[in-house]
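In: this is the structure alone, sequence omitted:
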């Protein structure tokens, strides 16, 4: 994992320029959804995950530093957080929070204070 919550860790297996849209997303305790959008912006990389019916069809924003590994053959992203940690994160509204620096700060603090167990 990365020291910077908004950067992909060197051991994540993330390949720059690879589109992760549609990859399945796995928490440490099970499937949570699929990648709806991702950002490779230096210092503010993240995934937006469509949780489907898992938490009532919501989207969640996951900083790149929460990603443990990416399996490109299986098209899966493994996140080093539990389902409950993700579900309890500050609510994400993709129409107003995607580029909101205040929201990004809230998310960064939340995931830094709730490290992988």
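Out: All right, it came through fine. The shown structure was predicted, so the numbers you read here are calculated from the model rather than taken from an experiment.
In: select the longest helix from the chain.
Out: In the chain, assigned by DSSP state H, the helix with the most residues is helix 101-113.
In: can you give me the distance of the residue in the chain sticking out farthest from the centre to residue 32?
Out: Distance to the chain centre peaks in the chain at residue 73, reaching 19.1 Å (criterion: CA atoms, centre = their mean). Residue 73 sits 20 Å away from residue 32, going by CB to CB, to the nearest Å. Yep, even glycine has a C-beta here, placed from its N, CA and C like the rest.
In: one step back: the longest helix of the chain - contacts with which helices or strands?
Out: Using 3 or more CB pairs under 8 Å, 6 or more residues apart in numbering; DSSP states H and E, the elements in contact with helix 101-113 are strand 59-63.
In: now the helices for the protein?
Out: Going by DSSP H, the chain shows helices at 83-87, 101-113.
In: now, of those helices, which is deepest in the fold?
Out: Compared across the helices of the chain, helix 83-87 shows the largest average neighbour count, a mean of 18 (mean count of other CB atoms under 10 Å).
In: average pLDDT for that helix, rounded please.
Out: Average pLDDT, helix 83-87: 89.
In: what's near enough to touch residue 49?
Out: 25, 32, 33, 34, 35, 36, 59, 60, 61, 62 (CB atoms under 8 Å, 6 or more residues apart in numbering).
In: determine which two of those residues are furthest apart.
Out: Based on CB to CB, the longest span within these runs between 34 and 61 and measures 14.2 Å.
In: comparing those two, which residue is more hemmed in?
Out: Each of residue 34 and residue 61 has its neighbours counted (other CB atoms under 10 Å); residue 61 has more, 23 against 19.
In: quick one, strands of this structure?
Out: 24-27, 30-39, 46-50, 59-63, 67-71, 76-79 (DSSP state E).
In: who touches the second one?
Out: Read that as strand 30-39. Under CB under 8 Å, 6+ apart, the answer for strand 30-39 is 19-26, 45-52, 54, 59-60, 77, 79, 83, 86, 94, 98.
In: just the buried subset of the residues you listed, please.
Out: 20, 23-26, 45-51, 54, 59-60, 77, 79, 83, 86, 98 (16 or more other CB atoms under 10 Å).
In: list the residues that contact residue 111.
Out: 5, 62, 63, 65, 66, 81, 89.
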